[in-house]
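Trainee: no FASTA, just this:
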């Protein structure tokens with residue numbers, strides 16, 4: 001395993017260096033290092049503008065790589081909890097993560113780390129180079145839009161890293177060691193040495209990127225495809241609600257969410273993209289470009305997530321690597337999730353004797369779009385924050401909007417306290433966001449133990465396996481990683 005990992009990591013480093021050098025060199029020749037010219041032929045301007053657009057598309061492609069947000073990020077976060085059972089015992093598909101036994105030599109977890117930093121470095125190179133592009137080629141407004149998208153991609157990449165590889169913010173208000181904070185382009189392997197920034201410093205940078213991205217982000221796009229697959233203003237705001245929730249900064253969750261959630265039901269976004277809940281939950285996964293899906297990562301035959309990264313390979317008939325836990329600890333058997341709920345009747349089923357999740361259905365070509373941010377999540381983020389420090393009546397209304405969309409007859413009991421309402425919202429998240437990568441983060445952001453069926457125990461916050469270890473090659477190559 002160590003030799004395999006070593007070879008994979010070395011190949012990735014060399015490939016990364018070559019790819020980035022090639023990208024920066026070709027970009028320099030084509031447009032990024034071009035001196036401003038007064039007489040550029042119109043057809044050349046058009047071609048070079050398309051190359052810049054291609055660079056932006058490349059950032060999205062890097063983020064949605066199967067090793068990162070195209071599969072593994074969601075999978076790793078869900079299989080660590082109590083909702084799924086493993087079928088095959090295959091470390092390639094996360095069995096060691098499921099068991100909480102993955103160590104620094106785990107090459108698949110290392111692949112996640114590598115891809116996240118590849119994405120971050122591509123953003124850093126792009127941001128460094130875009131400033132050199134003449135306004136004749138890319139107008140200032142369009143350039144600002146691209147910068148906004150790039151900063152969002154860097155922010156969400158750092159969020160995935162700090163959430164998986166560092167102690168939760170709630171553990172000590174971010175004082176723990178986080179991950180290396182790299183904000184400048186690296187076009188060789190000469191600058192490997194970097195200390196881990198604190199968790200707070202990583203979150204500060206995430207919010208800095210998002211706050212800088214918001215003003216210049218596109219308010220809306222002219223077509224449904226781009227509204228759901230490219231970053232716009234409401235995408236940035238939605239991610240900020242997630243980040244502030246992870247920091248337990250509930251007033252800021254409310255402040256940000258109020259920008260895109262109306263005061264009363266039916267809850268909608270009244271500016272920018274008109275986000276709303278669809279009438280039927282099953283439509284959310286059938287209609288990939290609906291306005292409930294704030295950000296999704298699309299796939300085509302030319303850019304599938306890659307072997308053994310696809311969500312339908314894990315959860316559906318692709319290979320049923322993980323099936324739903326019908327025991328008492330899993331959400332499936334919880335009496336507060338009755339059979340009358342469409343999320344159970346329409347989005348789960350039985351295949352080969354296993355109860356499976358059916359949100360991801362393409363088991364032939366594996367082209368399911370990965371849901372990164374949904375409006376339902378934003379409503380639940382806001383509901384939790386309101387229940388904690390704000391308007392409990394609004395929190396309940398938001399909770400009802402989610403539940404009654406899928407089970408119109410369901411009635412919540414009276415809640416005796418704020419904490420009881422919060423517990424109901426947290427349970428609703430387990431149902432609504434099942435299989436979308438939220439189970440471990442929802443426990444960790446509250447510094448709660450993870451009830452792991454794979455490990456057969458409650459994994460406490462002070463357990464060495466509560467978060468992922470730094471990959472071995474990073475420990476070897478980055479001499480400052482533990483300073």
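Mentor: Received it, and whenever you're ready, just let me know what you need. Not measured: the values here are computed from a predicted model.

Trainee: average pLDDT across whatever helix or strand residue 178 lives in?
Mentor: Using DSSP states H and E, residue 178 maps to strand 177-180. What strand 177-180 shows for mean pLDDT is 98.

Trainee: What of stretch 386-394?
Mentor: pLDDT averaged over stretch 386-394 gives 99.

Trainee: show me the contacts for the most centrally placed residue in the chain.
Mentor: Nearest to the geometric centre of the chain sits residue 372, at 5.2 Å (CA atoms, centre = their mean). Neighbour list for residue 372: 69, 156, 294, 295, 296, 297 [criterion: CB atoms under 8 Å, 6 or more residues apart in numbering]. C-beta: built from backbone N, CA, C; applies to glycine.

Trainee: before we move on, what SS does it have?
Mentor: Three-state call for residue 372 (DSSP: H, G, I helix; E, B strand; the rest coil): strand.

Trainee: Low-confidence stretches in the stretch 351-483 of the chain?
Mentor: Applying pLDDT under 70 to the stretch 351-483 of the chain flags no residue at all.

Trainee: So which residues of it form helices?
Mentor: Listed in chain order, the helices found in the stretch 351-483 of the chain under DSSP state H, counting those that start in this stretch are 375-389, 392-406, 418-432, 439-444, 472-477.

Trainee: Check the ones you listed for me and report the most buried one.
Mentor: helix 375-389 (a mean of 25; mean count of other CB atoms under 10 Å).

Trainee: Mind giving me the packing neighbours of that helix?
Mentor: Judged by 3 or more CB pairs under 8 Å, 6 or more residues apart in numbering; DSSP states H and E, the packing partners of helix 375-389 are helix 233-246, helix 250-257, strand 293-297, helix 392-406, helix 418-432.

Trainee: Mind giving me the packing neighbours of the first one?
Mentor: Under the contact definition 3+ CB pairs under 8 Å, 6+ apart, helix 233-246 sits against helix 140-165, helix 199-216, helix 250-257, strand 293-297, strand 370-374, helix 375-389.

Trainee: before we move on, what about the fourth one?
Mentor: With contacts defined as 3+ CB pairs under 8 Å, 6+ apart, helix 392-406 has these neighbours: helix 375-389, helix 418-432.

Trainee: I figured residue 396 hits residue 413, correct?
Mentor: No - look at residue 396 against residue 413 with CB atoms under 8 Å: they stay out of range, at 11.1 Å.

Trainee: Next one: residue 292 from residue 429, what distance?
Mentor: For residue 292, the distance to residue 429 (CB to CB, to the nearest Å) stands at 16 Å.

Trainee: who are the neighbours in contact with the residue nearest to residue 311 when sequence neighbours are not counted?
Mentor: Closest residue in space to residue 311, ignoring its immediate chain neighbours: residue 360 at 4.1 Å, by CB to CB, 6 or more residues apart in numbering. By CB under 8 Å, 6+ apart, the contact list for residue 360 reads 285, 310, 311, 312, 315, 316, 368, 435.

Trainee: Model confidence at the second one, what's the number?
Mentor: Reading off the confidence values, residue 310 has pLDDT 97.

Trainee: Enumerate every residue touching it.
Mentor: 66, 71, 304, 318, 360, 366, 368.

Trainee: and the end-to-end length of stretch 320-330?
Mentor: Taking CA to CA, to the nearest Å, stretch 320-330 runs 17 Å from one end to the other.

Trainee: chain center to it: distance?
Mentor: With CA atoms, centre = their mean, to the nearest Å as the basis, stretch 320-330 stands 23 Å off its chain's centre.

Trainee: What lies in contact with it?
Mentor: Where contact means CB under 8 Å, 6+ apart, the residues beyond stretch 320-330 that reach it are 75, 78-79, 82-88, 90, 93-94, 98, 313-315, 332-333, 348, 351-352, 354-357, 451, 453.

Trainee: all strands of the stretch 51-200 of the chain, in order?
Mentor: Along the stretch 51-200 of the chain, counting by DSSP state E, counting those that start in this stretch, strands occupy 84-86, 177-180, 196-198.

Trainee: my read: residue 229 touches residue 297, true?
Mentor: Yes - the pair residue 229 / residue 297 is scored as a contact, 7.2 Å apart, by CB under 8 Å.

Trainee: Overlap of the contact sets of the two?
Mentor: Common contacts of residue 229 and residue 297 (CB under 8 Å, 6+ apart): residue 60.

Trainee: Run the chain-centre distance for stretch 437-451.
Mentor: 15 Å.

Trainee: and residue 321, how many neighbours?
Mentor: Taking other CB atoms under 10 Å as the criterion, the count of residues near residue 321 is 23.

Trainee: List the neighbouring strands of the strand holding residue 178 plus their orientation.
Mentor: strand 196-198 (antiparallel) (DSSP bridges).

Trainee: now the strand it pairs with: mean pLDDT?
Mentor: Strand 196-198 shows an average pLDDT of 98 in the prediction.

Trainee: How about stretch 140-159?
Mentor: For stretch 140-159, the mean pLDDT works out to 98.

Trainee: try stretch 268-283
Mentor: Rounded mean pLDDT across stretch 268-283 is 98.

Trainee: Enumerate the positions of that stretch that are buried.
Mentor: 269, 272, 273, 275, 276, 277, 278, 281, 282 (16 or more other CB atoms under 10 Å).

Trainee: Provide the contact partners of it at residue level.
Mentor: With CB under 8 Å, 6+ apart as the test, stretch 268-283 has contacts from 219-221, 227, 232-234, 259-262, 266-267, 284, 287, 290-292, 294, 342-343, 346-347, 375-376, 378-379, 401-402, 405-406.

Trainee: Mark which of those residues are buried, thanks.
Mentor: Neighbour-count burial (16+ other CB under 10 Å) is assigned, among the contacts of stretch 268-283, to 227, 232-234, 259-261, 267, 284, 290-292, 294, 343, 346-347, 375-376, 378-379, 401-402, 405-406.

Trainee: now the end-to-end length of stretch 358-372.
Mentor: One end of stretch 358-372 to the other measures 17 Å (CA to CA).

Trainee: Might you calculate how far the helix or strand hosting residue 283 sits from the centre of the chain?
Mentor: Here residue 283, judged by DSSP H and E, is contained in helix 281-286. The chain centre lies 19 Å from the centre of helix 281-286; the measure is CA atoms, centre = their mean.

Trainee: separation between residue 454 and residue 429?
Mentor: 21 Å.

Trainee: same question but for residue 345, I mixed them up
Mentor: In terms of CB to CB, residue 345 sits 20 Å off from residue 429.

Trainee: Identify the spatial nearest neighbour of residue 304, chain neighbours not counted.
Mentor: Leaving aside its chain neighbours, residue 304 sits nearest to residue 366 (5.5 Å; criterion: CB to CB, 6+ apart).

Trainee: Oh, that last question was meant for residue 152, not what I typed.
Mentor: residue 231 (4.5 Å).

Trainee: could you list every residue that touches the residue lying closest to residue 117 once chain neighbours are set aside?
Mentor: Closest residue in space to residue 117, ignoring its immediate chain neighbours: residue 182 at 6.9 Å, by CB to CB, 6+ apart. For residue 182, the contact set (CB under 8 Å, 6+ apart) comprises 117, 120, 121, 124, 194.
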